[in-house]
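Participant: Model the following, please.
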Amino acid sequence: MTKPYILKMSPYLRPKIWGGRKLDEVFGKDLPEAGPYGESWEVSDLEEGQSVVCNGPLAGSSLSEVVSQWGAAMTGANRDGQQFPLLVKILDASDDLSVQVHPSDADIARLGLDADSKDETWIILDSDADPNIASDEGQTAGCILHGFEKATTPADFRMAVDENRAAESLRREAVFAGDVIRVAPGTIHAICAGVALLEIQEPSDTTYRVYDYQRPGMDGKPRELHLEKAMQVSNFDTHAPAKLSAKPSTAHPAMSVLVDVPAYRIEKASGVTELEWTVDARTPQVVFVTSAHGVELSSGDETVTLGFAQTAVIPAGVGAVQVRADKPADIIISGLGGAALVNG
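Facilitator: You can find the predicted model right below:
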């Protein structure tokens, strides 16, 4: 069996009715066809789409095939044979996404749903919002919808949906590059036109659409709505502020912690030229470059070069890892939640 090594990933690319061409024009993805593309699944072990290894002895293998071969050395201690525990995407919203919500594990157990929990966090990469406009209501692009400013009732929200006011009833907020927003299960939300972001989440594609602007899908037919299920799993209370503030990591002075929840932890290194740590064997890690200047990611004799908007998977059993950059670079590192990812 091939010894685990750092994997540079090639994404699974998804056309979307709300997508555009930024995945190519801004993020350097080789889109296979003309037309709108909305999602680049950088790291995916889902049946709906698999990312593929593009370096080393396993080049051309799907992430699922690597997980099957390496087991716990890939996915983490006590996870032998399980699915890769993260789904990492770039999203390009040229038009508004549907108003939607995702269930929690508690919802699935309570309602007996045939579904998977979906907790996700957005890191804004690009936005058409105007920084000179102080009011969120005055922004014509570059916004998100995220929960409710004031608590509402299921009956009032259902009426808003029936009257085509679903989007107007949600809190609207302009976002800018670097903003971090967690979308907990039960949060009704949407990404609006003019936003591109990195999404780190549980490995699930379960989405309950509430409202889709009465538009056709890629096949010319209206996309399916899931209003009854959505109403059962939604949180209608007042929501905390959407944007999160980074906190210094207590495990490494170069790192800040963006999010730490049971499903995942996200850390960021800003302006680094050198960084070393030992991977915690309980979790694999995903590295994504957000700066124009790239990095070299090494373990033992193996080195992977990552440029802007490129992604690597570090198997849980790799051990010591080094990052080197000729110029200060910014990287996002994600893994399972509950403990520091970068230590030292």
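Participant: so what's the closest residue to residue 229 other than its chain neighbours up against?
Facilitator: Distances taken as Cβ to Cβ, 6 or more residues apart in numbering put residue 208 closest to residue 229, at 4.8 Å, once the chain neighbours are dropped. Every C-beta, even on glycine, is put in place using the N, C-alpha and C of the backbone. For residue 208, the contact set (Cβ atoms under 8 Å, 6 or more residues apart in numbering) comprises 100, 101, 102, 103, 226, 227, 229, 230, 233.
Participant: From these, which land in strands?
Facilitator: Among the contacts of residue 208, the members found in strands (DSSP state E) are 100, 101.
Participant: residue ranges for the strands of the stretch 151-300 of the chain, please.
Facilitator: 172-174, 180-183, 189-191, 195-201, 208-211, 247-248, 255-261, 264-278, 285-289, 295-299 (DSSP state E, counting those that start in this stretch).
Participant: Identify whichever of those strands lies nearest to residue 117.
Facilitator: Counting by Cβ to Cβ, residue 117 lies closest to strand 195-201 out of the strands of the stretch 151-300 of the chain; the figure is 9.7 Å.
Participant: Which elements pack onto that closest one?
Facilitator: For strand 195-201, the packing partners by 3 or more Cβ pairs under 8 Å, 6 or more residues apart in numbering; DSSP states H and E come out as strand 87-93, strand 120-127, strand 264-278, strand 320-335.
Participant: run the last query once more with 7 Å
Facilitator: Contacts defined by 3 or more Cβ pairs under 7 Å, 6 or more residues apart in numbering; DSSP states H and E place strand 195-201 against strand 87-93, strand 120-127.
Participant: Reduced to three states, what does residue 109 come out as?
Facilitator: Of the three states, residue 109 takes helix under DSSP: H, G, I helix; E, B strand; the rest coil.
Participant: picking up where we left off before, make a PyMOL selection of whichever of the contacts of residue 208 turn out to be buried.
Facilitator: Buried residues within those, by 16 or more other Cβ atoms under 10 Å, are selected in PyMOL with:
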select buried, resi 100+101+102+103+226+229+230+233
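Participant: so can I have JSON lines of the contacts of residue 208 showing distance to residue 109 and pLDDT?
Facilitator: Converted to JSON lines, the contacts of residue 208 look like this (distance: Cβ to Cβ, whole Å; pLDDT from 0 to 100):
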{"residue": "100", "distance to residue 109": "21", "pLDDT": "98"}
{"residue": "101", "distance to residue 109": "17", "pLDDT": "98"}
{"residue": "102", "distance to residue 109": "15", "pLDDT": "98"}
{"residue": "103", "distance to residue 109": "10", "pLDDT": "98"}
{"residue": "226", "distance to residue 109": "18", "pLDDT": "96"}
{"residue": "227", "distance to residue 109": "21", "pLDDT": "95"}
{"residue": "229", "distance to residue 109": "14", "pLDDT": "96"}
{"residue": "230", "distance to residue 109": "18", "pLDDT": "97"}
{"residue": "233", "distance to residue 109": "12", "pLDDT": "98"}
